[in-house]
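Trainee: here is my input; please provide its structure:
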Amino acid sequence: MTGDKKISAIVEGSFKTAPAINDSDDIKFMVVTCQEYHDRDYAAKGFKIYEAMLRQQPDFFVHTGDVVYYDQQAKNIDLARWHWQRVYSFPTLVEFHKNVSSYFMKDDHDTWMNDCWPTMETKFMGDFTFQQGQQVFLEQVPMGDKPYRTFQWGKDLQIWLVEGRDFRSPNNLPDGPGKTIWGKEQIEWFKQTVQASNATFKILISPTPLVGPDRPKKNDNYANEGFYHEGELLRKFVEQQKMYVVNGDRHWQYASKDVETGLLEFGCGPVSNEHAGGWTQGHKKPEHLYVNVVGGYLEVNVIHSQDRPSIVFTHRSVDGKVLFEYKPIV
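Mentor: Have a look, this model is predicted:
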């Protein structure tokens, strides 16, 4: 009723901001990917993973993309918006995001459709276009002028969140110096900001893998032959800068070490066990330090002991159980 002063509902929440760049604080953050509505754990509540992460009280959270899956759900822009609304109405997600600072990235399924690029043509998505997908993401997840960003959390941690859809070449072009995923402007920004950073630990968070290994039939990321040229240049640069890579997109958890550069990459795995797949359980390649076809999340901790910082990468299950832990020698 117009003019009614009766309060119908109250929602309260809080979030943590980053410490000053000269402060040596302990930092804990979580990373997830691939959140399929139909593969949720609870019919009415959503996903277990958010309960587990909230119990650990992270300082911040990163969703690497495939936040929603438009492919089967959104054939026009109104359905795309509705898809976000129904996923983020689940109580487990509402409670989590009321209390945790969050960064969101996008990948193919929450831009438009599987393995998409800006000039791709298809009738599969009906009236919904790639450009509308870009628009809806910015409506749902405001992020400023650029889709690629960097944030420093205290003296010892800086993260880079990169954009893998907006600037990419068609996947089916022959590989070579002119074929790109990130685009020239983003690559130059990335190199300049990384080289200017004085953070102890630098982490590249990517929607898709740089190291893998990935499946041979895929041709969509730097771990595949289709973008090998640019991927090789970036892997060398990232390793030279003593960075770590955390990535989404793959529906299994893994930690791997690139055989050529020694670059370490940690794939966080999908949001639910029901959504896990795409890799044969037990199939461990030479690059793998750990591989597990399971849902869960990656926890990253920067810890200070006797005034010395260290970093720990921990793969956890959807219930929060520790599945694998890696502490690099610094």
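Trainee: now the spatially most central residue of the chain: how far from Ile205?
Mentor: In the chain, the residue lying closest to the centroid (C-alpha atoms, centre = their mean) is Thr64, at 1.5 Å. Relative to Ile205, Thr64 is positioned 6 Å away (C-beta to C-beta, to the nearest Å). C-beta here means a position set from N, CA and C on the backbone, and glycine is covered the same way.
Trainee: what does Val68 give?
Mentor: 19 Å.
Trainee: surely Cys34 touches Gly248?
Mentor: Yes. Using C-beta atoms under 8 Å, Cys34 is in contact with Gly248, at 6.6 Å.
Trainee: now do the shared contacts for these two.
Mentor: Common neighbours of Cys34 and Gly248, using C-beta atoms under 8 Å, 6 or more residues apart in numbering, are Asp66.
Trainee: ok, the spatially closest residue to Lys202 that is not a sequence neighbour - contacts?
Mentor: Nearest residue to Lys202, sequence neighbours excluded (C-beta to C-beta, 6 or more residues apart in numbering): Met243, at 4.4 Å. With contact taken as C-beta under 8 Å, 6+ apart, Met243 is in contact with Val194, Lys202, Ile203, Leu204, Leu263.
Trainee: could you do Lys28 as well?
Mentor: Gln56, Gln57, Pro58, Asp59, Glu299, Val300, Asn301, Val302.
Trainee: assumed it was part of a helix.
Mentor: No. Secondary structure assignment (DSSP: H, G, I helix; E, B strand; the rest coil) places Lys28 in strand, not in a helix.
Trainee: separation between it and Asn198?
Mentor: 22 Å.
Trainee: now His283
Mentor: 41 Å.
Trainee: can you read off the pLDDT for His38?
Mentor: Predicted confidence (pLDDT) for His38: 97.
Trainee: quick one: it is in a helix?
Mentor: Yes. Per three-state DSSP, His38 lies within a helix segment.
Trainee: what number of residues are in the vicinity of it?
Mentor: Using other C-beta atoms under 10 Å, His38 has 10 neighbouring residues.
Trainee: in the stretch 151-300 of the chain, which spans are strands?
Mentor: 157-161, 201-206, 244-247, 253-257, 264-267, 288-292, 296-305 (DSSP state E, counting those that start in this stretch).
Trainee: the ones you listed into TSV, with extra columns for mean neighbour count, distance to Glu274 and mean pLDDT?
Mentor: Formatted as TSV, the strands of the stretch 151-300 of the chain follow (neighbours: other C-beta atoms under 10 Å; distance: least, C-beta to C-beta, whole Å; pLDDT from 0 to 100):
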stretch	mean neighbour count	distance to Glu274	mean pLDDT
strand 157-161	22	27	98
strand 201-206	24	24	98
strand 244-247	24	21	98
strand 253-257	22	15	98
strand 264-267	26	18	98
strand 288-292	18	15	98
strand 296-305	21	12	97
